[in-house]
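**Student:** only geometry, no sequence info:
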DNA sequence: TCACCACCAACACTCGATGA
DNA sequence: TCATCGAGTGTTGGTGGTGA
């Protein structure tokens, strides 16, 4: 993105503007504005993409105010990618639905090494590749946040949307512009691309989330329960200025659509998923670091080794991660494998083991659905688990209760399937004392 | 200002229908 | 028989709108 020489120059010019030295005073307002814009963009990249700031917040603010003053004095100096244009004053009360350029699919799941080997076998069968040939896989963290789709046209960010139902999402462009790790401008035209759509995940660093909650506690405000809901909630706020306060981050994980100026498929000359990530990193997007956070594995056993190492060290990682994503790296093989209506056949999520807790099954209530189906729901003693308080767990049907031999008063092991849905894993039969009561399903 | 409700986000699981 | 699809079910938390 920036060569060492460019970085050195930008840093030196930052100091010149802070000190208002002779070289700065000699510039015209337009030259000053152009240079300040470049300096601030560089520092946003250092801070939000590289996590390695070189200026203090105060110094950044001073430079920002210099640019703001120049633009206020002469609005013709304002450009759409100016850091001052991230946060507008307009409030958006409605978020219209917009169609994604390509569907935002889910992923199939795997939970252990055997599942991954089975996935590898499936891919080979589908592509008529023999067992003793290897497929290269790109492996990257599965961030636990809110999905986002970004559209750039003629190098400028023109639209951002939530995932929605995968076909239609909610338009949140103004809020996306307030997230400083999303570049307002990226030089796709350098690569002959006129219109692109990117996929990413919006989330909050764990330390920034804790700092925000500490601030809220000091101000007497209610605390946020967990980082993911805070991030996804932040995307839907009316006021972009408040979004900017949330310190949201965005990792980009796919270039899902690309069109050249001639209207041709711009993905044709991008041979691998890894190439597309390298391209996006070059253009200034936040991408997991090669080698440490993501890896190109030459065969499935290397994938298993990498995801296992990640599972062991996930707690130390500064972002919430609920698994890893394994993708066939070769785009031509991806095309051949295709997708179902639900997920691509060339990618799979490896889910880390869910966090578990024990609680007591106190009662069972029966809920009647819209079409008249009756669903038993366990009321359990409230227990904190993975950032939420679990008090209610679906038991699905009578067979589920029988199969797990659940009884009122049982101590049960609960987890959050997919880190979301409460699920009773089993009753801890060793802890029974004879006082447990059978669960009676209502007669039809 | 507060409580309540609707909607949305995350996603798992079940089940009947369908097609290969 | 198996894979897939699609509808319907579920939980928790955040935001925004509304009414008291």
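**Tutor:** Looks like it came in fine. Computed from a prediction, not measured in an experiment: that's the story for all the values here.
**Student:** Relative to DNA strand B, how far out is the residue nearest to residue A:413 when sequence neighbours are not counted?
**Tutor:** Leaving aside its chain neighbours, residue A:413 sits nearest to residue A:425 (4.3 Å; criterion: Cβ to Cβ, 6 or more residues apart in numbering). Heads up, the C-betas are built off the backbone N, CA and C, glycines and all. Applying Cβ to the nearest atom of the strand, to the nearest Å, one obtains 9 Å for the distance of residue A:425 from DNA strand B.
**Student:** can you check residue A:236 too?
**Tutor:** Using Cβ to the nearest atom of the strand, one gets 7 Å for the distance from residue A:236 to DNA strand B.
**Student:** Isn't that residue up against residue A:174?
**Tutor:** No. In this structure, residue A:236 sits apart from residue A:174 without contact. The criterion is Cβ atoms under 8 Å, and the distance is 11.5 Å.
**Student:** more crowded one of those two?
**Tutor:** Summary of the neighbour comparison: residue A:236 and residue A:174, criterion other Cβ atoms under 10 Å, with residue A:174 having more neighbours (20 against 13).
**Student:** hang on, the more buried one in a helix?
**Tutor:** Yes. The assignment for residue A:174 (DSSP: H, G, I helix; E, B strand; the rest coil) places it in a helix.
**Student:** quick one: it and residue A:240 touch, right?
**Tutor:** Yes. The pair residue A:174 / residue A:240 is scored as a contact, 4.7 Å apart, by Cβ under 8 Å.
**Student:** Flag every residue of chain A that's near DNA strand B.
**Tutor:** Within chain A, the positions near DNA strand B by Cβ under 7 Å from any atom of the strand are A:106, A:109, A:144, A:146-147, A:162-165, A:169-170, A:228-229, A:232, A:236, A:351, A:396-397, A:399-400, A:417-421, A:423.
**Student:** Now which of the residues you listed would you call buried?
**Tutor:** In terms of neighbour count (16 or more other Cβ atoms under 10 Å), the buried residues within those are A:144, A:146-147, A:162-164, A:169-170, A:228, A:232, A:351, A:419, A:423.
**Student:** one step back: and the residues of chain A next to DNA strand B, which of them are in strands?
**Tutor:** Secondary structure from DSSP state E places A:109, A:146, A:147, A:162, A:169, A:170, A:351, A:417, A:421, A:423 of the residues of chain A next to DNA strand B in strands.
**Student:** so what's the third one closest to, chain neighbours aside?
**Tutor:** Counting by Cβ to Cβ, 6+ apart, residue A:163 is the residue found nearest to residue A:147 once chain neighbours are left out, at 3.9 Å.
**Student:** How about the last one?
**Tutor:** When the adjacent residues along the chain are set aside, residue A:423 lies closest to residue A:417, with 4.4 Å between them (Cβ to Cβ, 6+ apart).
**Student:** Quick check: the gap between residue A:342 and residue A:106.
**Tutor:** 6 Å (Cβ to Cβ, to the nearest Å).
**Student:** ok, back up a step: would you mind giving the buried ones among the residues of chain A next to DNA strand B as a markdown table with distance to DNA strand C and pLDDT added?
**Tutor:** Conversion of those to a markdown table gives the following (distance: Cβ to the nearest atom of the strand, whole Å; pLDDT from 0 to 100):
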| residue | distance to DNA strand C | pLDDT |
| --- | --- | --- |
| A:144 | 13 | 86 |
| A:146 | 10 | 87 |
| A:147 | 14 | 88 |
| A:162 | 11 | 87 |
| A:163 | 13 | 85 |
| A:164 | 13 | 82 |
| A:169 | 15 | 83 |
| A:170 | 11 | 83 |
| A:228 | 9 | 85 |
| A:232 | 7 | 86 |
| A:351 | 15 | 86 |
| A:419 | 10 | 76 |
| A:423 | 9 | 88 |
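**Student:** OK, now which residue of the stretch 301-444 of chain A is nearest to DNA strand B?
**Tutor:** Ranking the residues of the stretch 301-444 of chain A by distance to DNA strand B (Cβ to the nearest atom of the strand) places residue A:418 first, at 2.5 Å.
**Student:** I'd say that residue and residue A:352 touch.
**Tutor:** No. With contact defined as Cβ under 8 Å, residue A:418 and residue A:352 do not form a contacting pair (10.6 Å).
**Student:** residues contacting residue A:288?
**Tutor:** A:140, A:141, A:251, A:253, A:294 (Cβ atoms under 8 Å, 6 or more residues apart in numbering).
**Student:** Where does residue A:210 fall, secondary structure wise?
**Tutor:** Under the assignment given by DSSP states H and E, the secondary-structure element containing residue A:210 is helix A:206-218.
**Student:** Which residues does that helix contact?
**Tutor:** Applying Cβ under 8 Å, 6+ apart, the set of residues contacting helix A:206-218 from outside is A:204, A:222, A:223, A:224, A:227, A:230, A:246, A:247, A:318, A:319, A:320.
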